[in-house]
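> below are the sequence and a predicted model; questions follow.
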Amino acid sequence: MIQLSGSDRLSRRPAAFVIPRTMADLLQKVAESRDVEAFRQLFQVYGPRVKSYMMHQGADANTAEDLAQETLLTVWRKAALYSGEKGSATTWIFTIARNLRIDRLRREVAWQPLPENQDEEASDDPDPEELLNERERRDKVRAALSELPADQSEVVALSYIEGLSHSEIADRLGLPLGTVKSRMRLAYQKIRESVEDLQ
Amino acid sequence: MTINHHLDPATLMSCAAGSQPETLAAVVASHLSVCPHCRSELRKFERIGEALFDDLMPTPVTKQIPIVAMRSLEADGSTDTPEVADGHGDLPAPIRDLSRSKLDDIPWRRLAPGVWHYPLSLSDNAKGDLRLLKVAPGTAIPEHGHGGSEMTLILRGSYSDTFGTFRAGDVADLGDDVDHQPIADPVDGCICLIASDRKAKFKGLMARIVQPLTGL
């Protein structure tokens, strides 16, 4: 098991420390035995990320910290729903943070259920080999994202990281709505291959 | 249910990002509840979100992990969100609570000749417009986006325009620059869920509906 000691190490190259296999294991432990130590490690990895995410979405530092706590508490409470799901722990926690953000920062209804409810067929235990592939896949996604032209990368980041709608991005950049959407489509064409590898 | 018209990738991206206005998100959730293809696509877009999320520079947290709160929280296998259901040609699961009645029992309000509507309530903060629309056989379906994003999900019957025929489960996820004139099925008419990220402008809507009749 990987040792996660101190935020100084995490702040340098976050990606290298998030190993899907380990995170999935920790989440399984929380789900199966309410393992506080496993949760503490999840908290150390994801708490600072969720806080950053919330701050990008417009929360002040205190609110972001509260929302990070609440996100992780939801992970604690709902870990059983993740258990046995074939998928990434990070994606699951990202979607929890995302929905909480809609609910608390935008004060709107979060329409998207968490992934475990959406997928009838995803019920097998995670296969270690698939999780390894998943790490490779995530690196590919990251590489594909880094190769996007600046104008496409910009709309992708404004959508995911700053939480802006199509219309809000159009207003922010002074572009027609159709241009925002077409840049997103073009970006997806380039990233598509990297997200499909796992299928 | 065979679905031929799906969500635009730009819509799936915004959905995975959690960045959609509540009105459009309701239509998207309703389509996803009946469309395995788009659910599968959405997971790919969530992986993009995961990679971006993972790349954020972490901000140190100052509070300790909330042991006390954890102890007081029982494990909870339930979900806060509506269950996915097939809709059975009636209201999709995500919006079922909004109308409190089945499609046959909706207290429709007349909007124009051959066109009825029923506004769905949203959260106080939501901007835009979400409503059910019922259109008599052979009648033109009005658009009401007026420059913003607009989306239509067919719930019953069908309509046809230059893009083809849209049947129950199909979603019309078209740009604001698209000019088309959908006509409800000559026999069954059409009931749809229609959303815009702008407030509906009924004056314009009325004019558009009335226009073909009066020749103005």
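Yes, it's here.
> secondary structure class for the residue of chain A found nearest chain B?
Residue nearest to chain B within chain A (Cβ to the nearest Cβ): A:Pro48, separated by 3.2 Å. Yep, even glycine has a C-beta here, placed from its N, CA and C like the rest. In three-state terms, and counting by DSSP: H, G, I helix; E, B strand; the rest coil, A:Pro48 is helix.
> surely it touches B:Lys63?
No - the pair A:Pro48 / B:Lys63 is not scored as a contact, 11.5 Å apart, by Cβ atoms under 8 Å.
> look at those two and report which has more neighbours.
Shown here are A:Pro48 and B:Lys63; by other Cβ atoms under 10 Å in any protein chain shown, A:Pro48 has more neighbours (22 against 12).
> the helices in chain A, which residues?
Assigned by DSSP state H, chain A shows helices spanning A:7-10, A:14-17, A:20-33, A:36-56, A:61-82, A:89-104, A:115-118, A:128-146, A:150-160, A:166-173, A:177-196.
> report the buried residues of the fifth one.
Looking back up the chat, that one is helix A:61-82. For helix A:61-82, the buried set under the neighbour-count rule, 16 or more other Cβ atoms under 10 Å in any protein chain shown, comprises A:63-82.
> with stretch B:168-185 instead?
B:168-176, B:182-185.
> by pLDDT, rank those and give me the bottom one.
On pLDDT alone, B:Asp176 ranks lowest of the buried residues of stretch B:168-185, at 65.
> follow-up on the earlier one: quickly note the distance from the residue of chain A closest to chain B to A:Asp139.
For A:Pro48, the distance to A:Asp139 equals 21 Å [Cβ to Cβ, to the nearest Å].
> looking at chain B, which strand is longest?
When chain B is parsed with DSSP state E, its longest strand is strand B:150-161.
> what sits up against whichever helix or strand comes after it?
Remark: after strand B:150-161, the chain's next helix or strand is strand B:164-167, criterion DSSP states H and E. With contacts defined as Cβ atoms under 8 Å, 6 or more residues apart in numbering or on different chains, strand B:164-167 is touched by B:Thr2, B:Asn4, B:His5, B:Thr152, B:Ile154, B:Gly157, B:Ser158, B:Tyr159, B:Ser160, B:Ala172, B:Pro182.
> make a PyMOL selection of the buried ones in the residues you listed.
Buried subset of these, written as a PyMOL selection, criterion 16+ other Cβ under 10 Å:
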select buried, chain B and resi 5+152+154+157+158+159+160+172+182
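> mind checking the SS state of whichever residue of chain B sits closest to chain A?
For chain B and chain A, the shortest gap (Cβ to the nearest Cβ) falls at B:Pro58, measuring 3.2 Å. Of the three states, B:Pro58 takes coil under three-state DSSP.
> quick check: closest non-adjacent residue to it.
In space, and not counting its chain neighbours, B:Pro58 is closest to A:Pro48: 3.2 Å by Cβ to Cβ, 6 or more residues apart in numbering or on different chains.
> narrow the buried residues of stretch B:168-185 to those in strands?
B:Val171, B:Ala172, B:Ile183, B:Ala184.
> including distance to chain A, could the residues you listed go into a markdown table?
Listed next are those as a markdown table, based on distance: Cβ to the nearest Cβ, whole Å:
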| residue | distance to chain A |
| --- | --- |
| B:Val171 | 14 |
| B:Ala172 | 14 |
| B:Ile183 | 25 |
| B:Ala184 | 27 |
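> before we move on, the earlier item: B:Leu98 is nearest to which of the helices of chain A?
Nearest to B:Leu98, of all the helices of chain A, is helix A:89-104, at 16.7 Å by Cβ to Cβ.
> anything in that closest one near chain B?
Yes - using Cβ under 8 Å from any Cβ of the partner chain, helix A:89-104 reaches chain B at A:Thr90, A:Thr91, A:Phe94, A:Thr95, A:Ala97, A:Arg98, A:Asn99, A:Arg101, A:Ile102.
> okay, among these, which ones form the most distant pair?
A:Thr90 and A:Ile102 (18.8 Å).
> out of the helices of chain A, which gets nearest to B:Arg96?
helix A:115-118 (15.6 Å).
> what does B:Arg110 show for phi and psi?
B:Arg110 adopts backbone torsions of phi -80, psi 130, taken as degrees, to the nearest 10.
> hang on, the earlier thing: what about the longest strand of chain B, distance to the chain center?
Mean-position distance between strand B:150-161 and its chain equals 11 Å (Cα atoms, centre = their mean, to the nearest Å).
> parallel or antiparallel, list what pairs with it.
strand B:164-167 (antiparallel), strand B:171-172 (antiparallel), strand B:183-184 (antiparallel), strand B:190-196 (antiparallel) (DSSP bridges).
> and the first one, what's buried?
Which is strand B:164-167. Buried, per 16+ other Cβ under 10 Å, within strand B:164-167: B:Phe166, B:Arg167.
> re earlier: need the strands paired with strand B:150-161 in a markdown table (columns: distance to B:Leu32).
Output for the strands paired with strand B:150-161, formatted as a markdown table (distance: least, Cβ to Cβ, whole Å):
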| stretch | distance to B:Leu32 |
| --- | --- |
| strand B:164-167 | 17 |
| strand B:171-172 | 9 |
| strand B:183-184 | 24 |
| strand B:190-196 | 13 |
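> so which of these is nearest A:Ala157?
Of all those, it is strand B:190-196 that lies closest to A:Ala157, at 25.4 Å by Cβ to Cβ.
> need the contact partners of that closest one.
By Cβ under 8 Å, 6+ apart, strand B:190-196 touches B:23-24, B:26-27, B:30, B:92, B:95, B:103, B:128-135, B:141, B:144-146, B:148-159, B:184.
> hmm, B:Ala184 is touching B:Ile154, no?
No - taking contacts as Cβ under 8 Å, B:Ala184 lies outside contact range of B:Ile154: 10.0 Å.
> what's near enough to touch the residue nearest the centre of chain A?
Nearest to the geometric centre of chain A sits A:Phe94, at 3.0 Å (Cα atoms, centre = their mean). Going by Cβ under 8 Å, 6+ apart, A:Phe94 touches A:Tyr53, B:Glu46, B:Gly49, B:Glu50, B:Phe53.
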